[in-house]
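Undergrad: how would this look folded up:
(4 chains)
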2 protein chains.
Amino acid sequence: MNTDRPEEALMALAQSFREALRQSVYVMRRLDSEEQLSAAQLGVLKMALDGGARVGAIARNLGVKVPSATEQIIKLERAGLVKREADPDDSRAVRVVATPAGHAAIENADRRRNEYIAGILGTLSEEERDSIAAALPVFDKINNSFQN
Amino acid sequence: MNTDRPEEALMALAQSFREALRQSVYVMRRLDSEEQLSAAQLGVLKMALDGGARVGAIARNLGVKVPSATEQIIKLERAGLVKREADPDDSRAVRVVATPAGHAAIENADRRRNEYIAGILGTLSEEERDSIAAALPVFDKINNSFQN
DNA sequence: CCTAACTGTTAGGATACCTAACTATGAACA
DNA sequence: TGTTCATAGTTAGGTATCCTAACAGTTAGG
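TA: Modelled structure (predicted):
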């Protein structure tokens, strides 16, 4: 495994996997286009829930650079969904915290999107759903390989 | 199944699925950032291979509107990887065809990306790879639900 | 023919991301 | 204690991708 010249089977699997990734991007765009909060903003908001999160942590979680996170945070702030506060332990840092309106917004956005997806999952067979359920943790593992 | 109020389990699966989608977008960005051809351009190029494809078909395949496809096609054309020709059957239409340089480029780009992914898949256990392989067709089925 | 439908291109605008440069704070150490 | 280096965010400027609207040319139906 994991040699310089991956075997045929591994390459074929990689190819299919890549196709799934490509489609996922498309699906996410569709999902986003019907909502007010973008996926990135939803991600920020989620991290801002319990006690808030620092800008750098948010950026890392979203897989973007700090200025890109700042940009989304500012939009959410203008929309009244989060507020920025000084970190009591480190005055260089900024804690992003969800406002009550932010809490409400995230619940709505999350539920709507989940219902949309659940509607589609509902059309699958039990078996198909099981295979998805089994694969998701592995997906997660793979995706985490890219965090570097 | 597929009721107005999806069950708990379905909603939970939808939530995890959505998380995987989100991560996929991130992974695709990473993968793209190390290459010269963007994923969208690679998609155009692939369709331009055998006998070429019409602009509208390319747009549909990529999940974007026609002007967005045109934009990518123009870039590839300027790079010498495709050429645009009149469709013999319908003079309104344009066929996008890969040049020899385009053929070469796609092979390189595809192989490099597959090797990268294969390298990661190689670190998984046999079982994990099997669960991915089993899920990919279902992913495909789900993703096709969005083609509307 | 003449109009309606279709295929693409062009123009203009929005969004999200990036790098580089800057400010301010913290931490290490002589 | 004071200098220096590292860290946290913001701001400025630029790029890529997508979109809608308006347009030109072609096809097809009545």
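Undergrad: how many other residues sit next to the residue in chain A that chain B sits nearest to?
TA: In chain A, the residue found nearest to chain B is A:Ala135; the distance is 3.3 Å by Cβ to the nearest Cβ. The way it works is simple: take the backbone N, C-alpha and C, and place the C-beta from them, glycine included. Using other Cβ atoms under 10 Å in any protein chain shown, A:Ala135 has 24 neighbouring residues.
Undergrad: which non-adjacent residue is nearest it?
TA: Distances taken as Cβ to Cβ, 6 or more residues apart in numbering or on different chains place B:Ala135 nearest to A:Ala135, at 3.3 Å, with adjacent residues excluded.
Undergrad: mind giving me the domain split of chain A?
TA: In terms of domains, chain A is parsed into A:1-34, A:37-144 (source: automatic domain parsing).
Undergrad: for chain A, what lies in contact range of DNA strand C?
TA: Proximity of chain A to DNA strand C, by Cβ under 7 Å from any atom of the strand, involves residues A:38, A:40-41, A:62-65, A:67-68, A:71-72, A:75, A:90-92.
Undergrad: what helix or strand is A:Ala12 located in?
TA: Using DSSP states H and E, A:Ala12 sits within helix A:8-33.
Undergrad: ok, the very next helix or strand once past that helix near chain B or not?
TA: Next in sequence after helix A:8-33, counting helices and strands by DSSP H and E, comes helix A:39-47. Yes - against chain B, helix A:39-47 shows contacts by Cβ under 8 Å from any Cβ of the partner chain at A:39, A:43.
Undergrad: now the strands: where do they sit in chain A?
TA: For chain A, strands defined by DSSP state E occupy the ranges A:53-54, A:82-86, A:94-98.
Undergrad: C-alpha coordinates for stretch A:128-145, PDB please?
TA: The C-alpha coordinates for stretch A:128-145 follow below in PDB (Å, rounded to 0.1, in the frame of the first residue of the first chain):
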ATOM      1  CA  GLU A 128     -28.300   2.200   0.100                       C
ATOM      2  CA  ARG A 129     -28.700   4.300   3.200                       C
ATOM      3  CA  ASP A 130     -26.700   1.800   5.200                       C
ATOM      4  CA  SER A 131     -23.800   2.000   2.700                       C
ATOM      5  CA  ILE A 132     -23.800   5.700   2.900                       C
ATOM      6  CA  ALA A 133     -23.900   5.600   6.700                       C
ATOM      7  CA  ALA A 134     -21.000   3.200   6.700                       C
ATOM      8  CA  ALA A 135     -18.900   5.300   4.300                       C
ATOM      9  CA  LEU A 136     -19.400   8.700   6.000                       C
ATOM     10  CA  PRO A 137     -16.800   8.100   8.800                       C
ATOM     11  CA  VAL A 138     -14.300   7.000   6.200                       C
ATOM     12  CA  PHE A 139     -15.000  10.100   4.200                       C
ATOM     13  CA  ASP A 140     -14.400  12.100   7.200                       C
ATOM     14  CA  LYS A 141     -11.100  10.300   7.800                       C
ATOM     15  CA  ILE A 142     -10.000  11.000   4.200                       C
ATOM     16  CA  ASN A 143     -11.000  14.600   4.300                       C
ATOM     17  CA  ASN A 144      -9.000  15.100   7.500                       C
ATOM     18  CA  SER A 145      -5.900  14.000   5.600                       C
END
